[in-house]
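# Quick one, structure for this:
(one chain, ligands or ions: 2)
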Amino acid sequence: MITLKDINKTYPGAAPLHVLKDISLNIGRGELVSIMGASGSGKSTLLNILGILDGYDSGEYWLDGRLIKNLSENRAADLRNRMIGFVFQSFNLISYKDAADNVALPLFYQGVGRRKRRALAMEQLEKLGLADRAHHLPGELSGGQKQRVAIARSLITRPSIILADEPTGALDSRTSKEVMQIFRDLNSQQGMTIAIVTHDPGVGEQTNRIIRISDGRIV
Ligand code: ADP
Ligand code: MG
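Ligands and ions are numbered 1, 2, ... in the order given. Okay, the predicted model is just below:
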């Protein structure tokens, strides 16, 4: 599903920072992997490249047989919307929209009509055990519920891969386990390909393979 070959990235500036160094890795279809490393090791930079949110200086990134390199903004956005679901540490929910509208939002950008959006969002919320929370605002939900809403949103477009950046970073350990169980179920029951960035060894242990990164290199 994902192949990186000798990816390098430097953040320019007065003191340029060579943040990713000859990164090569493979993530196969149907894998559940974690990318682990200390704070500042380059995990989020790597995930942003995988998510086509940011570019790289040299090397090759292949996603599902396509070379992801020097894409226009439009092409990048199109591939991102069709292929990738994102989950973030801070949930990134819209505070004045209820859970169902938050889940439905990616469909709005695909031009799906409101009734169909709401119906698909309800279906997705039900699958994640949140049907009774659908009409609540994010401020009325617990941290674990917010992250489940964010996971429902990431799934609504039927992406090929889920990318999660520290998805349990804002949760207590019990809730963190529940959220990891959702990822494990999505992987084992639906064959969803999932890559989770974390600095938490407990989270890494719950994935099927750990890719370790240290100071911008795979170790
Ligand atoms: P991690 O997610 O592993 O904590 P990051 O990928 O966020 O690491 O950051 C790696 C290094 O790159 C850090 O030293 C960070 O300060 C730096 N960095 C991250 N984003 C930028 C940016 N947009 N511009 C300049 N430096 C950045
Ligand atoms: Mg990070």
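# Which helix or strand contains the residue in the chain that ligand 2 sits nearest to?
Of all residues in the chain, the one sitting closest to ligand 2 is residue 44 (3.2 Å; CB to the ion). All C-beta spots, glycine's among them, are computed from the backbone N, C-alpha and C. Assessed by DSSP states H and E, residue 44 sits inside helix 43-50.
# where's the residue nearest to residue 175 when sequence neighbours are not counted, which helix or strand?
In this structure, residue 175 finds its nearest non-sequential neighbour in residue 144, 3.8 Å apart by CB to CB, 6 or more residues apart in numbering. The secondary structure element spanning residue 144 is helix 143-155 (assigned by DSSP H and E).
# Counting by contacts, list what that helix packs against.
In terms of contacts (3 or more CB pairs under 8 Å, 6 or more residues apart in numbering; DSSP states H and E), helix 143-155 is packed against strand 84-88, helix 99-109, helix 114-127, strand 161-165, helix 173-190.
# how about these in JSON lines, adding distance to residue 28, mean pLDDT and mean neighbour count?
Rendered in JSON lines, the data for the helices and strands packed on helix 143-155 read as follows (distance: least, CB to CB, whole Å; pLDDT from 0 to 100; neighbours: other CB atoms under 10 Å):
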{"stretch": "strand 84-88", "distance to residue 28": "16", "mean pLDDT": "96", "mean neighbour count": "22"}
{"stretch": "helix 99-109", "distance to residue 28": "25", "mean pLDDT": "95", "mean neighbour count": "21"}
{"stretch": "helix 114-127", "distance to residue 28": "25", "mean pLDDT": "96", "mean neighbour count": "16"}
{"stretch": "strand 161-165", "distance to residue 28": "11", "mean pLDDT": "98", "mean neighbour count": "23"}
{"stretch": "helix 173-190", "distance to residue 28": "12", "mean pLDDT": "95", "mean neighbour count": "16"}
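# between these, which gets nearest to residue 12?
Taking CB to CB as the criterion, residue 12 comes closest to strand 161-165 out of these, the separation being 22.7 Å.
# who are the neighbours of the closest one, in terms of helices and strands?
Under the contact definition 3+ CB pairs under 8 Å, 6+ apart, strand 161-165 sits against helix 43-50, strand 84-88, helix 143-155, helix 173-190, strand 193-198.
# what's the burial count for residue 74?
Counted by other CB atoms under 10 Å, the residues lying close to residue 74 total 8.
# end to end, how far does stretch 31-50 reach?
End-to-end distance for stretch 31-50, by CA to CA, to the nearest Å: 15 Å.
# and it, average pLDDT?
Here the mean pLDDT over stretch 31-50 is 96, rounded to a whole number.
# List the buried residues of that stretch.
Burial within stretch 31-50, assessed by neighbour count using 16 or more other CB atoms under 10 Å, is assigned to 31-37, 41-50.
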